[in-house]
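Undergrad: sequence and predicted model, in that order:
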Amino acid sequence: MPEKVQQSSGPLNVVLAGGGTAGHIEPALAVGEVLRDEFGAAATALGTEKGLETTIVPARGFELALIDPVPIPRNAPWRLVAVPAKLARSVRQTRRVLKDTGAQAVFGTGGYVAASAYLAAASMKLPFFVLETNALAGMANKLGVRLGGVGLNAVPGSGMPGETVGIPVRPGVGVDPDGAKARRGYKMWNLDPERPTILVTGGSQGAVSINSAVAGAVGRLSAQGFQVLHAYGRKNDAPQAHENYTAVPYIDDMEAAYAVADLVVCRSGAMTVAENSAAGVPAVYIPLPHGNGEQGLNSAHLVDLGAAVRIDDADLTADALVDAVAAILGPGGSLAAMRAALDSSGAGNVAHDLATRVVRAVRAH
């Protein structure tokens with residue numbers, strides 16, 4: 001059961017710092033929703049004008065304060081000379097947001113706005129939390145812990161000091177006791193409740209390799225009795241129409257999508273893996289082939305448990321996708337065993353636990 005914290009009559013104001021991608025925004029908002037809905041807090045999210053937060057944050061009912069991003073030009077070292085001035089300006093902007101909102105704490109998850117938020121919070125002597133959701137910690141979060149932030153890791157071995165707590169997901173993911181979310185999803189996307197549904201997404205921007213594999217596989221998947229709900233990404237061209245196939249640029253109502261999905265085909269970003277697990281939906285993960293293989297690490301424990309299947313991006317073809325889906329959803333497939341393995345994986349109530357820590361830190365401060 002979630003631990004209860006005694007309410008206080010005083011106002012509670014928190015700034016959320018995780019912008020740029022859904023992988024940074026969603027875990028911050030998950031904690032923010034608990035702070036707002038269970039503890040009565042006012043939560044303001046930091047962001048930049050080019051990040052996905054400009055649409056995601058207002059849609060979830062939060063105020064959004066924009067600051068200048070400070071990306072580190074790893075591939076253009078001559079541009080590093082401009083970073084200090086940009087960072088100083090961004091920190092000043094963030095301090096103004098913290099003062100204007102009456103912020104009592106900062107909860108950050110990395111990304112372009114996080115370093116400015118940590119520096120501003122440290123300079124104002126506010127308690128702040130640094131959550132690393134990826135298997136390998138980013139520069140901003142490492143900086144945050146060095147500045148005195150409370151380090152929190154989704155998985156062990158990220159390279160950042162801090163307790164391992166898991167990844168917070170939005171309240172209600174995977175919960176549909178009366179079937180209302182499923183009915184909404186079937187109607188919204190013109191899906192057949194009698195057909196197994198494959199949810200395909202390449203993340204907030206889409207994935208060309210996944211889109212290409214789906215294009216070659218959708219006819220055979222339909223012929224085998226399946227239907228596909230495909231979020232192809234706002235920056236990509238719309239796929240050709242096909243029977244038993246619904247293609248949309250982006251899925252705003254992920255709760256409905258999870259309610260209708262029998263299987264997810266997707267990248268293995270940390271937030272995606274956490275939400276799939278919390279929703280209890282088995283997955284075929286195609287890790288993004290970049291960096292040190294951190295996306296593969298995000299889902300490795302689920303693959304080892306038998307709760308997920310991995311296809312490397314270099315091996316992803318229409319044939320490979322059809323074979324993987326048939327082995328899970330087809331006659332004698334592994335769907336039931338994968339669901340059972342997911343049930344034993346323990347997604348936990350991370351969002352409430354982290355919100356509780358924030359509230360306690362504010363009250364103590």
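TA: Thanks, I have it.
Undergrad: center of the protein - which residue?
TA: residue 271 (3.0 Å; Cα atoms, centre = their mean).
Undergrad: is it true that that one touches residue 28?
TA: No. Between residue 271 and residue 28 there is no contact, the gap being 10.1 Å when judged by Cβ atoms under 8 Å. (Each C-beta comes from the backbone N, C-alpha and C, glycine too.)
Undergrad: check whether residue 51 sits in a helix, strand or coil.
TA: Here residue 51 is coil, with the state taken from DSSP: H, G, I helix; E, B strand; the rest coil.
Undergrad: what of residue 332?
TA: Classification of residue 332 using three-state DSSP returns coil.
Undergrad: number of residues surrounding residue 357?
TA: By the other Cβ atoms under 10 Å criterion, the neighbourhood of residue 357 contains 20 residues.
Undergrad: which residues does it contact?
TA: The contact partners of residue 357, by Cβ atoms under 8 Å, 6 or more residues apart in numbering, come to 129, 150.
Undergrad: could you pull out the helices for this protein?
TA: With DSSP state H as the definition, the chain shows helices at residue ranges 22-39, 53-59, 83-101, 114-123, 139-146, 180-188, 208-223, 254-260, 270-279, 294-305, 318-329, 335-343, 350-364.
Undergrad: export these as CSV, with columns for distance to residue 311 and mean pLDDT.
TA: What follows is the helices of the chain, written out as CSV (distance: least, Cβ to Cβ, whole Å; pLDDT from 0 to 100):
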stretch, distance to residue 311, mean pLDDT
helix 22-39, 20, 92
helix 53-59, 28, 89
helix 83-101, 38, 94
helix 114-123, 32, 96
helix 139-146, 29, 95
helix 180-188, 25, 97
helix 208-223, 9, 96
helix 254-260, 21, 95
helix 270-279, 15, 87
helix 294-305, 11, 87
helix 318-329, 6, 98
helix 335-343, 15, 93
helix 350-364, 28, 94
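Undergrad: quick one: closest of those to residue 153.
TA: Between residue 153 and the helices of the chain, the tightest spacing by Cβ to Cβ is seen for helix 139-146, at 9.3 Å.
Undergrad: domain assignment for this protein?
TA: The chain is divided into the following domains under automatic domain parsing: 13-169+348-364, 180-343.
Undergrad: figure out how far the last one is from the centre of its chain.
TA: It stands for domain 180-343. In this view, domain 180-343 has its centroid 15 Å away from the chain centroid, taken as Cα atoms, centre = their mean, to the nearest Å.
Undergrad: and the longest one, by the same measure?
TA: Centroid separation for domain 13-169+348-364 versus its chain: 14 Å, with Cα atoms, centre = their mean.
Undergrad: hang on, isn't residue 118 packed against residue 131?
TA: No. In this structure residue 118 lies outside contact range of residue 131 using Cβ under 8 Å: 11.7 Å.
Undergrad: need the overlap of contacts for the two.
TA: The contact lists of residue 118 and residue 131 share residue 108, where a contact means Cβ under 8 Å, 6+ apart.
Undergrad: burial count for residue 351?
TA: Residues lying near residue 351 (other Cβ under 10 Å) number 26.
Undergrad: I'd like the distance between it and residue 158.
TA: Spatial separation of residue 351 from residue 158 under the definition Cβ to Cβ, to the nearest Å is 19 Å.
Undergrad: please apply the same query to residue 65.
TA: Residue 65 sits at a distance of 28 Å from residue 158 (criterion: Cβ to Cβ).
Undergrad: okay, the two: which has more neighbours?
TA: A direct count of neighbours by other Cβ under 10 Å for residue 65 and residue 158 places residue 158 higher, at 23 against 20.
Undergrad: ok, and the closest non-adjacent residue to the more buried one?
TA: Once its chain neighbours are removed from consideration, residue 158 has its nearest residue in residue 137; the separation is 4.3 Å (Cβ to Cβ, 6 or more residues apart in numbering).
Undergrad: for residue 94, give me its contacts.
TA: Listed by Cβ under 8 Å, 6+ apart, the contact set of residue 94 reads 46, 67, 113, 116, 117, 119, 120.
Undergrad: now the residues you listed in JSON lines, please, with extra columns for distance to residue 286.
TA: Formatted as JSON lines, the contacts of residue 94 follow (distance: Cβ to Cβ, whole Å):
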{"residue": "46", "distance to residue 286": "31"}
{"residue": "67", "distance to residue 286": "34"}
{"residue": "113", "distance to residue 286": "29"}
{"residue": "116", "distance to residue 286": "33"}
{"residue": "117", "distance to residue 286": "32"}
{"residue": "119", "distance to residue 286": "36"}
{"residue": "120", "distance to residue 286": "38"}
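Undergrad: closest to residue 312 out of the residues you listed?
TA: residue 113 (32.3 Å).
Undergrad: what comes up buried for stretch 251-269?
TA: Buried residues in stretch 251-269, counted by 16 or more other Cβ atoms under 10 Å: 251, 254-269.
Undergrad: stretch 140-151 now?
TA: Across stretch 140-151, burial judged by 16+ other Cβ under 10 Å covers 140, 141, 142, 143, 144, 145, 149, 150, 151.
Undergrad: how about the contacts made by the closest residue in space to residue 167 that isn't next to it in sequence?
TA: Nearest in space to residue 167, with sequence neighbours left out and distances taken as Cβ to Cβ, 6+ apart, is residue 274 at 3.6 Å. Each residue near residue 274 by Cβ under 8 Å, 6+ apart is listed here: 27, 133, 154, 166, 167, 168, 169, 347.
Undergrad: I'd like to know how many residues surround the first one.
TA: Going back to what we said before, that points to residue 27. Counted by other Cβ under 10 Å, the residues lying close to residue 27 total 31.
Undergrad: now it: how far from residue 110?
TA: Residue 27 sits 9 Å away from residue 110 when distances are taken as Cβ to Cβ.
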